[in-house]
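> here is a sequence with its predicted model. Questions after.
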Amino acid sequence: MTQEIDIDFQNIKTTGIKVNYLYICERKLWFFDRGIQMESKSDKVLLGKLTGESSYPREQKRELLIDNLINIDIVGSDEIREVKYSNRMRHADRIQLLYYLYYLKHLGVEKKGVINYPKMRKREEVILTKDSEGEVVIALLRVQEILKMDKPLQLQRKSYCNKCAYFELCWG
Ligand code: SF4
């Protein structure tokens, strides 16, 4: 179903990582926004960063940071690419890349997206459509809602809580 929502993009744009966290755990997003950042202690996150930095060393055009909000791993002539360690959170990877495509569209640049999972030798194409633009808008509005909350969301166990950097904070 096509989503048509009138929004002021400049007022609701945010970082790519926050859009990613929205799809992983809304509570995690709230902690992260409040400056409670335990990610550097997580080996998985470090591994993910190293994967992005060490894969495809021959790529000519690599990271592109825009407005200090979105940080695209690889920019090519007709596509942008994100490099991820594992596809376990592929729904979050997908919305993050859709957001990047949406962001670029607001800057007058239209490309397709690709998520590379080099360790698994997989790639996934991500195309911005009217429907997926609607998903991005809904995600951005939800991020704003969560950031305005004065308390973190209620605890809800997820299958991946024990791998989350905030595990001790939530369940310790
Ligand atoms: S431990 Fe679980 S509930 Fe807590 S922030 Fe992480 S994913 Fe969310």
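Nice, I can see it. What you see is a predicted model; the values in this text were computed from it and never measured. Numbering: from 1, shown residues only.
> lowest-pLDDT helix or strand in the chain?
Every helix and strand in the chain was compared by mean pLDDT, DSSP states H and E; the lowest is helix 43-54, with a mean of 59.
> next SSE downstream of it?
Per DSSP states H and E, the first helix or strand lying C-terminal to helix 43-54 is strand 64-66.
> beyond that next one, next helix or strand please.
That would be, after strand 64-66 and using DSSP H and E, strand 70-72.
> list the helices and strands that following strand packs on?
strand 64-66, strand 79-83, helix 90-106 (3 or more CB pairs under 8 Å, 6 or more residues apart in numbering; DSSP states H and E). C-beta here means a position set from N, CA and C on the backbone, and glycine is covered the same way.
> just so I know, which of these lies nearest the ligand?
helix 90-106 (11.2 Å; CB to the nearest ligand atom).
> quick one: the closest one near the ligand?
No. Helix 90-106 stays clear of the ligand (CB under 6 Å from any ligand atom), getting no nearer than 11.2 Å.
> after that helix, which helix or strand is next?
Next element after helix 90-106 (DSSP H and E): strand 112-117.
> adjacent strands (with direction) for the very next helix or strand once past that following strand?
Of the helices and strands lying after strand 112-117 in sequence (DSSP H and E), the nearest is strand 122-126. Sheet partners assigned to strand 122-126 using DSSP bridges are listed as strand 112-117 (antiparallel).
> and the longest helix for the protein?
helix 130-148 (DSSP state H).
> give the other helices and strands that that one contacts.
helix 9-12, helix 16-24, helix 26-33, helix 90-106.
> tell me the contacts of the residue lying closest to residue 155 once chain neighbours are set aside?
In this structure, residue 155 finds its nearest non-sequential neighbour in residue 170, 5.9 Å apart by CB to CB, 6 or more residues apart in numbering. For residue 170, the contact set (CB atoms under 8 Å, 6 or more residues apart in numbering) comprises 27, 155, 161, 164.
> measure residue 170 to the ligand for me?
3 Å (CB to the nearest ligand atom, to the nearest Å).
> hang on, the earlier thing: most widely separated two among the contacts of residue 170?
155 and 164 (11.9 Å; CB to CB).
> from the ligand, how far off is the closest residue to residue 89 other than its chain neighbours?
What sits nearest to residue 89 in space, not counting adjacent residues and going by CB to CB, 6+ apart, is residue 24, at 5.8 Å. Using CB to the nearest ligand atom, residue 24 is found at 6 Å from the ligand.
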